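> model this:
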Amino acid sequence: MEGCRKASVAVFNHVDKQTFLHKVYPLRKPAVLKGIYLGTCTSKWTVDYLSTTGGNQEVKVHVASVPQMDFINKNFIYRTLPFDVFVKRAAEATHEEYFISEEEKYYLRSLGEDPRKVMDNLLIQVTGRKRVILFSPQDAPYLYLTGDKSEILDLNTPDLEKYPQFAKAQCYECQLEPGDMLFIPALWFHNTLAKEFGVGVNIFWKHLPSHFYDKTDTYGNKDPTAASRAMQILDRALKTLEELPDEYRDFYARRMVLRIQNKLYSNHI
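Below is the predicted model:
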């Protein structure tokens, strides 16, 4: 992987609940947890078992011609398939029946489209192998974000002429094997690439006290209420700056950025 500065995700073996809560969780950094007993699912959830047990209830899936799906420009289509058909197709290298191409890729978000972007997350790799690359919230300025999604899809060979600031970001990488868990703290950006057919289960929970969240936000999809208000104020401020000529708008926008930076830096000293 070229471009960003590389780092490895910390690995912890045979972690019990107390060790996780007192030694891993407080670090607020990604961590791979190995050797935790998950029951029989790691061996039982085969393609045949899932397709037989899951039945033919229809599910909505993403279908793309490439493994990396672009959630900004939508390089995929939505299609509906019976669950058993979806599982069998997802496990195939090439398809006799397909929507786009013989080598199209499938992805199922079984709990909906919205990522739990402000919640802590345990990604449990039940079967299959997966590469995961993560970025700290502090590196957000280097990720060329639209909303909470990065424009940079190809992390192996990023276009540094188009995205020069990406070289300043630090990439935390890990490989998940069947039975591994990955702790992903809230606000950390992550990019996943399945090495083969597999099943992953996500468990989300709210990290902050309840009063930080919108009371109507059951699943933690929204920003904390204070952050949401701040973004709305910023949007109004930027709209107001549009009333000025270009030279003045540029000058006062830079002053706003400096005031935000100085305030944040002073709070961390």
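> would you map out the domains in this protein?
Domain assignment for the chain by automatic domain parsing gives 5-211, 224-268.
> what about stretch 161-176, start to end distance?
Distance between the boundary residues of stretch 161-176 (C-alpha to C-alpha, to the nearest Å) amounts to 31 Å.
> show me the shaky parts of the stretch 101-250 of the chain.
Segments of the stretch 101-250 of the chain classed as low confidence (criterion: pLDDT under 70) are 110-117, 218-220.
> can you count the residues close to the closest residue to Gly198 other than its chain neighbours?
Nearest in space to Gly198, with sequence neighbours left out and distances taken as C-beta to C-beta, 6 or more residues apart in numbering, is Gly128 at 1.7 Å. Placement of C-beta: from N, CA and C, glycine included. Other residues near Gly128 come to 17 when the count uses other C-beta atoms under 10 Å.
> show me what contacts Gly128?
For Gly128, the contacting residues are 178, 194-200, by C-beta atoms under 8 Å, 6 or more residues apart in numbering.
> give me the buried subset of the residues you listed.
Among the contacts of Gly128, those scoring as buried are 178, 194, 197-200 (criterion: 16 or more other C-beta atoms under 10 Å).
> where along the stretch 151-269 of the chain do the helices fall?
Secondary structure of the stretch 151-269 of the chain (DSSP state H, counting those that start in this stretch): helices at 225-241, 246-268.
> sec struct for Tyr37, please.
Reducing the assignment at Tyr37 to three states with DSSP: H, G, I helix; E, B strand; the rest coil gives coil.
> could you state which residue of this structure sits nearest its centroid?
His190 (3.9 Å; C-alpha atoms, centre = their mean).
> skipping adjacent residues, who's closest to that residue in space?
Leu134 (4.6 Å).
> Pro158 too?
Going by C-beta to C-beta, 6+ apart, Pro158 has Gly3 as its nearest residue, at 4.3 Å.
> now do the strands in the stretch 101-250 of the chain.
105-107, 120-127, 130-135, 145-146, 149-150, 170-176, 181-184, 189-194, 199-205 (DSSP state E, counting those that start in this stretch).
> what residues does the fifth one touch?
The one in question is strand 149-150. If you take C-beta under 8 Å, 6+ apart as the criterion, strand 149-150 is touched by 71-72, 143-144, 189, 191.
> neighbouring strands of that strand in the sheet, and parallel or not?
Taking DSSP bridges as the criterion, strand 149-150 pairs within the sheet with strand 145-146 (antiparallel).
> now the strand it pairs with: how far from the chain's centre is it?
On the basis of C-alpha atoms, centre = their mean, to the nearest Å, the separation between the geometric centre of strand 145-146 and that of its chain is 13 Å.
> ok, and what's touching it?
The set of residues that contact strand 145-146 without belonging to it, under C-beta under 8 Å, 6+ apart, is 72, 151.
> from Phe99, how far off is the residue nearest to the centre of the chain?
Noted for His190: a distance of 27 Å to Phe99, by C-beta to C-beta, to the nearest Å.
> check Pro82 too.
Taken as C-beta to C-beta, the spacing of Pro82 relative to Phe99 amounts to 14 Å.
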